[in-house]
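Novice: What shape does this take:
(2 chains)
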Amino acid sequence: MTSDDEKAPTESSLNRELIERPLVVGSHQLQSRLIVGTGRYDSMQQMRDSLHHSGSDCVTVAVRREKLYDREGKNILDFLDLNRYTLLPNTAGCYTAKDAVRAAKLGREILRTLGNPGADWVKLEVLGDSRTLLPDPAETVVACKELVADGFSVLCYTSDCPVTAKRLKEAGAASVMPAGSPIGSGQGLLNPNNLRIILEYLKEDDPDYPVIIDAGVGTASDVSSAFELGADGVLLNTAIAHAKDPVMMARAMHHAALAGREAYLAGRIPRRLYATASSPEEGVISSRPYGSS
Amino acid sequence: MIEITVNGELVSIPEKTSLKDVLEIVDVPPNYLAVEVNAEVVPREEHSSLIIQEQDDLEVVTLVGGG
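Specialist: Next comes the predicted model:
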């Protein structure tokens, strides 16, 4: 006699508290660990729908000159539900600490007047080279210190260099965000060993310090890989916006983030050179040919 | 009339024009913007009281899509 009770799975064995732990950066708590960019979509409607299916509750925006003599022009904010999304303004396109600080302060002023909670933080990006869009580490450290002193929570875009990552954390960054590969390149995580070292160094005595992989994602497995390494979040834009079907890719990224994060929390098996059978060796009805032991 | 720069363009405005009125003259949507005068952000609460001077350099920015 089997009891029906034994066939019924129990919910309690799943550690939901751990799975649902929010991503904490500065004063912000994000339910989704994906931060999604709002650039490069074919239309604002496509952007809006992609963001929805990504499951993200935090989206990045850039600060740019307003078009003069165009009062009726549509704004991205007409398509973003500010009750749903915390905006994370960036300093994209800045090549000096001075300009990045200016952009950050302008972004803060816009968000302050909108009453969006994103007014106190910024994604700091100071570029050093226009072809690779690699960051300028020296200028990034200078800008980070200045913004921290001015009260910003600074999320620092940086390369996968562990030394620079340490310097940025020391400079007061609320999160260090190493790139998987160059912005928009879709090359995925080119140097997972460096990312591993960054995660180890920054979390050594500070396990809750948030490290977010920012840039380079090409497809869903890159997102999963980043989380499997132990990243706390992933920031991406082009991999969704330029997919053939951005809305579906957004959903794929959502699933990939959950899969990667949960796999990391669950703890993967070690890699072994040889097989280990999943079915019992005992009681096999077959004999082994050719003297195999 | 005096000349100022707004987003890199030369603009002529009457003397003693407030920043708020300059934004009307250059006809930008008023709700989603921030303004720098000579590289310093001017909080929205001060737009009406700040008088723009000859050769002031204004940046009027908004948010756009970005990653």
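Novice: Could you export stretch A:158-165 as PDB, CA atoms only?
Specialist: In PDB, the C-alpha atoms belonging to stretch A:158-165 read as follows (Å, rounded to 0.1, in the frame of the first residue of the first chain):
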ATOM      1  CA  THR A 158      34.600  49.200 -15.100                       C
ATOM      2  CA  SER A 159      36.700  46.600 -17.000                       C
ATOM      3  CA  ASP A 160      37.300  43.100 -15.700                       C
ATOM      4  CA  CYS A 161      40.500  44.200 -14.000                       C
ATOM      5  CA  PRO A 162      40.500  43.100 -10.400                       C
ATOM      6  CA  VAL A 163      42.900  45.800  -9.200                       C
ATOM      7  CA  THR A 164      40.700  48.600 -10.700                       C
ATOM      8  CA  ALA A 165      37.700  46.900  -9.100                       C
END
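Novice: Could you pull out the buried residues of that stretch?
Specialist: Buried residues in stretch A:158-165, defined by neighbour count with 16 or more other C-beta atoms under 10 Å in any protein chain shown: A:T158, A:S159, A:D160, A:C161, A:P162, A:T164, A:A165. Using the backbone N, CA and C atoms, a C-beta is placed for each residue, glycine as well.
Novice: Let's see the pLDDT reported for the third one.
Specialist: What it means is A:D160. You'll see A:D160 listed with a pLDDT of 97.
Novice: one step back: can the buried residues of stretch A:158-165 go into TSV with extra columns for distance to chain B?
Specialist: Listed next are the buried residues of stretch A:158-165 as TSV, based on distance: C-beta to the nearest C-beta, whole Å:
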residue	distance to chain B
A:T158	15
A:S159	16
A:D160	18
A:C161	21
A:P162	24
A:T164	20
A:A165	20
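Novice: just checking, which of those residues belong to strands?
Specialist: Under the assignment DSSP state E, the buried residues of stretch A:158-165 contribute A:T158 to strands.
Novice: which one of the buried residues of stretch A:158-165 is nearest B:G66?
Specialist: A:T158 (17.7 Å; C-beta to C-beta).
Novice: Tell me which residues touch B:V42, please.
Specialist: By C-beta atoms under 8 Å, 6 or more residues apart in numbering or on different chains, the residues touching B:V42 are B:L19, B:V35, B:E36, B:L50.
Novice: where do the helices sit along chain B?
Specialist: B:19-25 (DSSP state H).
Novice: What parts of it come near chain A?
Specialist: B:6-9, B:26-29, B:31-36, B:39, B:41, B:43-44, B:59-67 (C-beta under 8 Å from any C-beta of the partner chain).
Novice: Which of those residues are buried? Put it as a ChimeraX command.
Specialist: Remark: buried members of those, expressed as a ChimeraX selection using 16+ other C-beta under 10 Å:
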select /B:6,7,26,28,29,32,33,34,35,36,41,44,59,60,61,62,63,64,65,66,67
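Novice: how far away is B:G65 from A:T60?
Specialist: 9 Å (C-beta to C-beta, to the nearest Å).
Novice: low pLDDT regions in the stretch 1-150 of chain A?
Specialist: A:1-2 (pLDDT under 70).
Novice: let's see it at 80
Specialist: Of all residues in the stretch 1-150 of chain A, those with pLDDT under 80 make up the ranges A:1-4.
Novice: Show me what from it comes close to chain B.
Specialist: So the stretch 1-150 of chain A meets chain B at A:37-41, A:47, A:60-73, A:75-77, A:87, A:89-90, A:92, A:102, A:105-110, A:113-114 (C-beta under 8 Å from any C-beta).
Novice: Which members of the residues you listed are positioned in strands?
Specialist: A:G37, A:T60, A:V61, A:A62, A:V63, A:R64, A:R65, A:L87, A:P89.
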